[in-house]
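1. coords please:
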Amino acid sequence: MPMMFGFGVQRKQMLEAELERLVDEMPRLGMTQMYLVGDFAKGKVGPDTTLNLVVVQETDVAKHRCADFWTTHLRPRVGMEFFVFTRDEFGSSSESDPILREAAAFGERIYG
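-> As a prediction, the model looks like this:
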C-alpha cells in the first residue's frame with residue numbers, strides 16, 4: 001500500500017473548513033455557544049480525527065435526540081460528534097459531566 005504524505009495537513013484543513021462552516025450556520029439554528037473538545041482541540045490530527053463539539057442550545061427536545069437535530073440540519077462533511085446542553089445544564093453540570101469538564105479544562109471556545 002502506498003504511503004500518503006501530507007495527510008495530516010490535508011485532514012487538518014478539512015476539519016478547519018468544516019468548523020468554519022458550522023460557525024456560520026449553527027447560530028441561525030439556535031446555538032448560543034460552542035466549544036471544541038477532543039483530539040482536534042488538543043492539536044492532535046490523524047486519519048480518524050473528528051470534530052467533537054459541545055453545543056449550548058435552548059431546546060425542549062429529548063436529550064438523546066439533540067445531536068440528531070444538528071446532524072440532520074448540517075449534514076457534516078467530516079466525522080463529527082455533538083454534545084448538546086441547555087444553558088442551565090451547561091452551568092450546573094460542569095463539574096459532574098466529563099464532557100463539560102473537558103470543555104472547561106481543554107476546550108476551545110469557538111462561538112458565544
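
2. so who does residue 62 touch?
-> Residues near residue 62 by CB atoms under 8 Å, 6 or more residues apart in numbering: none. In short, each C-beta sits where N, CA and C put it, glycine included.

3. Show me the shaky parts of this protein.
-> Along the chain, the model assigns pLDDT under 70 to residues 1-6.

4. Nearest residue to the middle of it?
-> residue 53 (1.6 Å; CA atoms, centre = their mean).

5. gap between that residue and residue 40?
-> 10 Å (CB to CB, to the nearest Å).

6. ok, back up a step: was I right about the residue nearest to the centre of the chain contacting residue 33?
-> No. Residue 53 is beyond contact range of residue 33, at 10.4 Å (criterion: CB atoms under 8 Å).

7. what helices or strands is the top helix by length along the chain leaning on?
-> Among the segments of the chain that qualify as a helix by DSSP state H, the longest is helix 7-25. If contacts are counted by 3 or more CB pairs under 8 Å, 6 or more residues apart in numbering; DSSP states H and E, helix 7-25 sits against strand 31-37, strand 51-57, strand 108-111.

8. and residue 37, what are its bridge partners?
-> Residue 37 has these beta-bridge partners by DSSP bridges: residue 52.

9. Could you give the number of residues near it?
-> Counted by other CB atoms under 10 Å, the residues lying close to residue 37 total 23.

10. cool, and residue 35?
-> 25.

11. so what's it up against?
-> 41, 53, 54, 103, 107, 108, 109, 110.

12. Go again with 6 Å.
-> 54, 103, 107, 109 (CB atoms under 6 Å, 6 or more residues apart in numbering).

13. ok, it to residue 47 distance?
-> Applying CB to CB to residue 35 and residue 47 gives a distance of 24 Å.

14. And for residue 70?
-> According to CB to CB, residue 70 and residue 47 sit 24 Å apart.

15. the more surrounded of the two?
-> The neighbour count for residue 70 versus residue 47, taken as other CB under 10 Å, is higher for residue 70 (23 against 8).

16. Let me know whether that one touches residue 83 as I believe.
-> No. If you go by CB atoms under 6 Å, residue 70 and residue 83 don't touch, sitting 10.1 Å apart.

17. got any residues that touch both of the two?
-> Joint contacts of residue 70 and residue 83 (CB under 6 Å, 6+ apart) do not exist.
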